[in-house]
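K.L.:
how would this look folded up:
(chains A and B, ligands or ions: 2)
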Amino acid sequence: MKEILEGSHAVAEAVRLCRPQVVSAYPITPQTHIVEALASMVADCKLDAEYICVESEFSALSACIGASTAGSRTYSATTSQGLALMYEVCFNAAGMRLPIVMTIANRAMSAPLSIWNDQQDSISLRDSGWIQLYAEDNQEALDLHLLAYRVCEDHDILLPAFVCFDGFILSHTYEPVDMPTQEEVDAYLPAFNPYQRLDAKDPISFGMYATPDYYMEFRYENQRAMLRAKEAIVRYGTLFKEQFGRDYSGLIEGYELEDAEIALVAMGSICGTVKDAIDEMRKDGIKVGLLKIRCFRPFPDEEIAAALAHVKTVAILDKNVSLGSKGAVGLEIKDALYGSSIAVYDYILGLGGRDIRKKDIRAITKLAEQGSGDMFYGLREELL
Amino acid sequence: MVDKSIENFECGHRACGGCGAATAVRMILKGAGEDVIVVSPTGCLEVFTTPYPETAWKVPWIHSLFENAAAVASGIEASLKRQGRSEKVLVIGGDGATVDIGMLCLSGAFERNHDITYICYDNEAYMNTGIQRSGATPFDASTSTSPAGSCSMGNKHAKKDVPAILAAHGSPYVATASLSYPTDLMKKVETAVNTPGATYIQIHAPCCTGWGFEGDQTVAVGKLAIETGLWVNYEMVDGVLRKAKKVKRKPVEEYLSVQKRFRHLFKPKRNEEEIAKIQAIADANAAKFGIDI
Ligand SMILES: Cc1ncc(C[n+]2csc(CCOP(=O)(O)OP(=O)(O)O)c2C)c(N)n1
Ligand SMILES: [Mg+2]
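P.N.:
Residues are numbered from 1 along each chain as shown, chains lettered A, B, ... in the order given. Ligands and ions are numbered 1, 2, ... in the order given. Alright, predicted model coming up:
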């Protein structure tokens, strides 16, 4: 059924439909509307879950570790400072192979304090072992939660996932979304079936320490599960398409890419603006297209190399910066295209909520054409 | 009734000979019964019981991080509740994990009053990382981060009173115990796990390696702590002190002089002033808990 909902409420509804048994989260802008909505659902008996009102994000994710290990489907949500406070817990949840799903309403990192959007928060946790999915719009944000649970809980995967959507730009924006029914979601997402659990009748030890004789194999298994997740996302994305009609069968998506000479690469809500800008530039005869990355972890390097093989120039729009190096997405694209003759330029932009408009996309396309890149785009020179 | 035949802590673990924590945990698991899930933070206990692929635990057990055991336990409790399951949730963690770095999670769990029992085995320092001081290290004890030296008498602070802090959270049952009094310890564990809500026990667990005494003296050293009034075994029900173990008190130096961590109080020469300060701590304990016979 089509509804017009705020992004956060669309996500909260999606989470409700996934039937989490334990929800544990701590409020932080711009994630708050999600957890408030879930708390109301529990208060009104619309969501039959334990809602743990913890005293910090650190405890929120720690409680999810306990709840998941004891055999419940768990959910949390956070952003920015909250995610940073969870840093240690994130690595731990992934290492323990717990299928926790957490929404990230992407926000900049302090200092300076900023409540506005970029993607530094989740990108900084790229090595933590969580699957990372990025939504372009609220429909996709909603849908990716269903997909994430389906993928994470597969016994061949057993990994946690971030579903990332841009703070304010999506979280606080009303858009029409097609909300599936409970029956439809139940048909797509089976009840939680833990691979192992804490159980007095069948005692197992979880979270043991590993000596150098064993540690590397655990990490290798984590890596293999991550790589298997690529295939699982495609498989369950295809299943999603068959059932709901919306196509998430790809880790990446192309827009006007087939005959493009210049490819813009982006993640998240900026893709909508890029598509509009491409429509205009195409009218002017510029052969430009978009490669949208939906899945940043596992990173679809081979898929990207194949999709970009025919272009002359690539311009990456990075809403983050690995300080002292470059934009994180740019670095990975350069790695994926290593050995090709494609010119690849990185543009760091939109940090701390700075608006990106169609004219900026046009300007970046022009810069790339001229061979100028690997720079911060859109700085206010008068402030420097 | 405590079923003393329960043996859910397997021998052959890697603890030091004479480890107070290991002895305490064996008794804790007798008191807790069979239907229990244990959470342990990082620390000696975690390390000496679970070098992969071996485990000493015959009950379900989980370790996540150093400072989040109370939050993990909160999640387990919520999960069990949601599934209609009846296992008891028990945290067994060191003093560092409890009174220092895990205090935030601990406070949150007790404020929310999850149906969990949190047991701190108090060996009065960070033993796993090499005997550094914690908030539970006693006054004047020499540790590797509070060493006694030519211008230092060791740890400058008194023990943090975490039982009182948790009682102030409204905990229905807070107790202290000592591994040297096993019947009392097991009974308190049984009471705590069967009391609904967040309950707490702090168990004095002498550490031969960290405190500096022979491994066959663990029980004797624990007894001396009680007999000198430097450790008091008591129960608080709904925040009200119920009973404290009475003793015919010995002077504190009988406890101090048998441990290397207090050696600087006696050598190269006896430091009357510092010993008097520690005697004053014991006297204050005695007055506060009314333990003098
Ligand atoms: C966040 C974090 N900081 C520090 C450590 C290092 N560390 C591991 S165990 C430990 C001390 C444990 O002390 P305690 O809780 O008293 O247990 P014990 O080893 O004495 O039994 C420390 C400092 C860690 N694992 N994690
Ligand atoms: Mg300790």
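
K.L.:
near ligand 2, anything from stretch B:62-75?
P.N.:
No. Counting by Cβ under 5 Å from the ion, ligand 2 is not contacted by stretch B:62-75; separation bottoms out at 11.3 Å. (C-beta placed from N, C-alpha, C; glycine too.)

K.L.:
now the end-to-end length of that stretch.
P.N.:
Terminal residues of stretch B:62-75 are spaced 12 Å apart (Cα to Cα, to the nearest Å).

K.L.:
Would you mind writing the CA trace of stretch A:163-175 as PDB?
P.N.:
In PDB, the C-alpha atoms belonging to stretch A:163-175 read as follows (Å, rounded to 0.1, in the frame of the first residue of the first chain):
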ATOM      1  CA  VAL A 163      21.400  -0.300   6.700                       C
ATOM      2  CA  CYS A 164      22.600   3.300   6.000                       C
ATOM      3  CA  PHE A 165      20.400   6.100   4.900                       C
ATOM      4  CA  ASP A 166      21.400   9.800   4.900                       C
ATOM      5  CA  GLY A 167      20.500  11.700   8.000                       C
ATOM      6  CA  PHE A 168      17.900  14.400   7.500                       C
ATOM      7  CA  ILE A 169      18.100  14.200   3.700                       C
ATOM      8  CA  LEU A 170      16.200  10.900   3.900                       C
ATOM      9  CA  SER A 171      15.400  10.400   7.600                       C
ATOM     10  CA  HIS A 172      13.400  13.600   8.000                       C
ATOM     11  CA  THR A 173      11.900  13.700   4.500                       C
ATOM     12  CA  TYR A 174       8.400  12.700   3.600                       C
ATOM     13  CA  GLU A 175       8.200  10.500   0.500                       C
END
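
K.L.:
For B:Leu224, which non-adjacent residue is closest in space?
P.N.:
Distance criterion Cβ to Cβ, 6 or more residues apart in numbering or on different chains; nearest residue to B:Leu224, sequence neighbours excluded, is B:Tyr255 at 4.1 Å.

K.L.:
quick one: average pLDDT of the helix or strand containing the one you found?
P.N.:
For B:Tyr255, the element it lies in under DSSP states H and E is helix B:253-256. Mean pLDDT, computed over helix B:253-256, is 98.

K.L.:
For the helix or strand just after that helix, give me every contacting residue.
P.N.:
Using DSSP H and E, the helix or strand that follows helix B:253-256 in sequence is helix B:272-289. Contacts with helix B:272-289, where a contact means Cβ atoms under 8 Å, 6 or more residues apart in numbering or on different chains, come from B:138-140, B:153, B:158, B:228-230, B:232, B:234, B:241, B:244, B:249, B:251-253, B:256, B:265, B:291-292.

K.L.:
let's see 6 Å
P.N.:
Outside of helix B:272-289, the residues within contact range by Cβ atoms under 6 Å, 6 or more residues apart in numbering or on different chains are B:Asp140, B:Met153, B:Thr228, B:Gly229, B:Leu230, B:Val232, B:Tyr234, B:Ala244, B:Val252, B:Glu253, B:Leu265, B:Asp292.

K.L.:
go on, stretch A:279-290?
P.N.:
With contact meaning Cβ under 6 Å, 6+ apart, stretch A:279-290 is reached by A:Tyr255, A:Glu256, A:Leu257, A:Ala260, A:Glu261, A:Ile262, A:Ala263, A:Leu264, A:Val274, A:Ile278, A:Thr365.

K.L.:
will you turn these into CSV that also has distance to chain B and neighbour count?
P.N.:
Formatted as CSV, the contacts of stretch A:279-290 follow (distance: Cβ to the nearest Cβ, whole Å; neighbours: other Cβ atoms under 10 Å in any protein chain shown):
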residue, distance to chain B, neighbour count
A:Tyr255, 41, 18
A:Glu256, 46, 17
A:Leu257, 44, 20
A:Ala260, 47, 24
A:Glu261, 50, 13
A:Ile262, 47, 22
A:Ala263, 42, 28
A:Leu264, 41, 30
A:Val274, 40, 27
A:Ile278, 46, 25
A:Thr365, 46, 20
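
K.L.:
Any stretches of the stretch 201-350 of chain A with poor pLDDT?
P.N.:
The stretch 201-350 of chain A contains no residues with pLDDT under 70.

K.L.:
Could you tell me which residues of the stretch 1-150 of chain B lie near ligand 1?
P.N.:
The stretch 1-150 of chain B comes close to ligand 1 at residues B:21, B:42-45, B:66-67, B:94-97, B:123, B:126-129, B:134, as judged by Cβ under 6 Å from any ligand atom.

K.L.:
Just the buried ones among those residues, please.
P.N.:
B:21, B:42-45, B:66-67, B:94-97, B:123, B:126-128, B:134 (16 or more other Cβ atoms under 10 Å in any protein chain shown).

K.L.:
in the longest helix along chain A, what counts as buried?
P.N.:
Secondary structure of chain A read by DSSP state H shows that its longest helix is helix A:215-244. Buried residues in helix A:215-244, defined by neighbour count with 16+ other Cβ under 10 Å: A:222, A:225-226, A:228-230, A:232-234, A:236-237, A:240, A:244.

K.L.:
can you map out the helices along the stretch 51-200 of chain A?
P.N.:
With DSSP state H, counting those that start in this stretch applied, the stretch 51-200 of chain A shows helices at A:57-69, A:80-85, A:87-95, A:120-123, A:138-152, A:182-188, listed in chain order.

K.L.:
ok, residues contacting the fifth one?
P.N.:
Right, the one you point to is helix A:138-152. Outside helix A:138-152, the residues within contact range by Cβ under 6 Å, 6+ apart are A:7, A:10-11, A:14-15, A:18, A:99, A:101, A:133, A:135, A:157, A:159, A:161, A:163, A:165, A:170, A:175, A:177, A:188-189, A:232-233, A:236, A:240, A:246, A:248.

K.L.:
Among those, name the buried ones.
P.N.:
Neighbour counting with 16+ other Cβ under 10 Å marks A:7, A:10-11, A:14-15, A:18, A:99, A:101, A:133, A:135, A:157, A:159, A:161, A:163, A:165, A:170, A:175, A:177, A:188-189, A:232-233, A:236, A:240, A:248 as buried within the contacts of helix A:138-152.

K.L.:
related to what we said a few turns ago, pretty sure the residue nearest to B:Leu224 is touching B:Thr228, no?
P.N.:
Yes. Assessed by Cβ atoms under 6 Å, B:Tyr255 is found in contact with B:Thr228 at 4.4 Å.
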